[in-house]
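Colleague: One predicted model, sequence on top.
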Amino acid sequence: MVFSFREKLNKSYQRWIAKNIPPRAKITLNRRNIFIVPSRNGLFFILACALIFIAAINYAVSLAFGLTFLMASIFILAILHCFNNLNQLTLESRSSLPVFCGDEARFRVLLSRSAKRTHEALELNFPKSPVSNTDLVARDLEEVDVFVLADKRGEFHAPRLRVTTIFPLGLCRAWSVVDLNLSCLVYPKPVAFAMTQFNSGSSGQDDSAMHVSGSEEFYGLRDYVPGDPMRSVAWKNVAKGQGMQVKQFVDYVDNKVWLDWDMFYGFSVEERLSRLCYCVLQLARSGNPFGLKIPGTEISPGTGPEHKRQLLKALALFSVD
């Protein structure tokens with residue numbers, strides 16, 4: 001019953017936040033999107049002020065009245081300064097990099113201030129994530145990295161970013177929750193295994209084929225070395241007075257590799273993607289051309305960082321709506 005009430009209350013709060021602070025890539029904080037409440041220390045401060053005030057009434061001690069009014073004035077000033085520490089602070093989304101599932105996604109946020117304001121002791125974090133601390137005093141701009149766990153493959157949309165401060169006295173807590181449309185691509189989590197089985201292509205003699213000694217194709221001539229078979233000697237060249245030369249023949253072997261969905265028959269979808277991801281990472285280091293065949297997608301063999309990113313993106317977005 002209590003859990004159901006909290007869940008309904010949280011959903012209502014999220015709807016209200018989404019309506020009043022809509023997603024945008026750049027936002028400036030103001031009185032419409034800043035919230036402020038007493039901190040734990042602030043509550044004790046209020047309690048102490050109330051007890052002193054009660055004692056002043058009971059015992060008619062003018063000094064106690066003065067102390068009460070002083071404490072109340074300090075608390076009111078703390079509210080104003082705490083609010084102004086966030087007021088007119090501008091947040092803007094910056095770059096983000098792809099990550100593997102299970103790693104922390106890093107989002108870069110640009111903070112900026114107006115010429116007449118400073119912002120101290122700022123805390124930025126996503127729900128249940130580490131806090132990043134910064135301030136804007138000496139500089140007008142500051143880039144801050146904020147981290148959150150990326151626990152699901154595909155296009156990851158970061159939750160709302162929380163900006164908090166308890167400056168200057170720690171008696172009040174001012175905060176805002178903003179959605180800067182932060183997102184990144186999450187690749188499958190690579191799972192290491194013994195790579196022993198691949199589907200090789202058979203595309204013949206192209207730039208990606210390598211040759212080994214054989215007898216299929218004429219490759220060229222080289223100088224005769226004692227011990228070479230006499231049948232390989234180019235006798236026509238000898239007759240022309242060009243010296244003893246030996247014919248070279250080669251067999252072409254295609255070194256392209258295909259990563260196929262059916263290579264991992266019997267595994268679940270995520271397990272297949274994890275193993276294919278591991279294959280992509282390992283083969284990208286070899287420098288040999290390799291391609292990818294998964295349901296609905298076929299990427300021709302290639303090499304290089306861009307080809308690697310293309311394959312990883314295809315794995316990340318597989319069956320993602």
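Modeller: That came through, no problem.
Colleague: Tell me how far K189 lies from L149.
Modeller: Using CB to CB, to the nearest Å, we find K189 at a distance of 12 Å from L149. Where C-beta positions appear, they are placed from N, C-alpha and C, glycine not excepted.
Colleague: Report the set of residues contacting both of these two.
Modeller: Common contacts of K189 and L149 (CB atoms under 8 Å, 6 or more residues apart in numbering): G102.
Colleague: And the strands in the stretch 101-250 of the chain, which stretches?
Modeller: For the stretch 101-250 of the chain, applying DSSP state E, counting those that start in this stretch gives strands covering 104-112, 119-125, 132-136, 141-149, 154-157, 161-165, 172-178, 183-187, 199-200, 209-223, 245-254.
Colleague: And these, which one averages the lowest pLDDT?
Modeller: Lowest mean pLDDT within the strands of the stretch 101-250 of the chain: strand 199-200, a mean of 46.
Colleague: What's the local residue count around K189?
Modeller: 18 (other CB atoms under 10 Å).
Colleague: Skipping adjacent residues, who's closest to it in space?
Modeller: In space, and not counting its chain neighbours, K189 is closest to C101: 4.2 Å by CB to CB, 6 or more residues apart in numbering.
Colleague: before we move on, what about A174?
Modeller: Nearest one to A174, counting by CB to CB, 6+ apart, is I36 at 4.3 Å.
Colleague: Enumerate every residue touching the residue nearest to K189.
Modeller: A150, D151, K152, R153, V186, Y187, P188, K189 are the contacts of C101 under CB under 8 Å, 6+ apart.
Colleague: Selection in PyMOL covering whichever of the residues you listed are buried, please.
Modeller: Typed into PyMOL, the line below selects the buried ones among the contacts of C101, using 16 or more other CB atoms under 10 Å:
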select buried, resi 150+153+186+187+188+189
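Colleague: Which one of the contacts of C101 is nearest to V131?
Modeller: Lowest distance from V131 to those (CB to CB) belongs to A150, with 18.1 Å.
Colleague: Can you name the residues that contact that closest one?
Modeller: Residues in contact with A150, defined by CB under 8 Å, 6+ apart, are V99, C101, G102, D103, E104, A105, F156, C184, V186.
Colleague: Relative to F75, which of those residues is nearest.
Modeller: Distance to F75 across the contacts of A150 (CB to CB) is lowest for E104, with 38.4 Å.
Colleague: Show me what the closest one is bridged to.
Modeller: L149 (DSSP bridges).
Colleague: ok now do it, which residues does it touch?
Modeller: Contacts of E104 by CB under 8 Å, 6+ apart are F147, V148, L149, A150.
Colleague: Sticking with the residue nearest to A174, tell me its helix or strand.
Modeller: Using DSSP states H and E, I36 falls within strand 35-38.
Colleague: And that strand, what's buried?
Modeller: I36, P38.
Colleague: contact partners of stretch 161-177?
Modeller: 17, 21, 29, 33-39, 41-42, 45, 74-75, 78-79, 81-83, 85-86, 89, 91, 109, 119-127, 146, 160, 178-180, 182.
Colleague: what about it, start to end distance?
Modeller: Length of stretch 161-177, first residue to last, CA to CA, to the nearest Å: 5 Å.
Colleague: Then stretch 85-100?
Modeller: 37 Å.
Colleague: quick revisit: report the angle between the next helix or strand after the strand holding I36 and strand 172-178.
Modeller: The element immediately downstream of strand 35-38 (helix or strand, assigned by DSSP H and E) is helix 40-59. Interaxial angle, helix 40-59 versus strand 172-178 (axes from the mean of the first three to the mean of the last three CA atoms, to 10 degrees): 140 degrees.
Colleague: doesn't Y278 make contact with F193?
Modeller: Yes: under the criterion of CB atoms under 8 Å, F193 makes contact with Y278 at 6.7 Å.
Colleague: Could you work out the most separated pair of the contacts of A150?
Modeller: Greatest spacing in these, by CB to CB: G102 and C184 (13.9 Å).
Colleague: neighbour count winner among these two?
Modeller: Between G102 and C184, counting by other CB under 10 Å, C184 is the more crowded of the two (18 against 14).
Colleague: shouldn't that one be in contact with L97?
Modeller: Yes: taking contacts as CB under 8 Å, C184 lies within contact range of L97: 6.6 Å.
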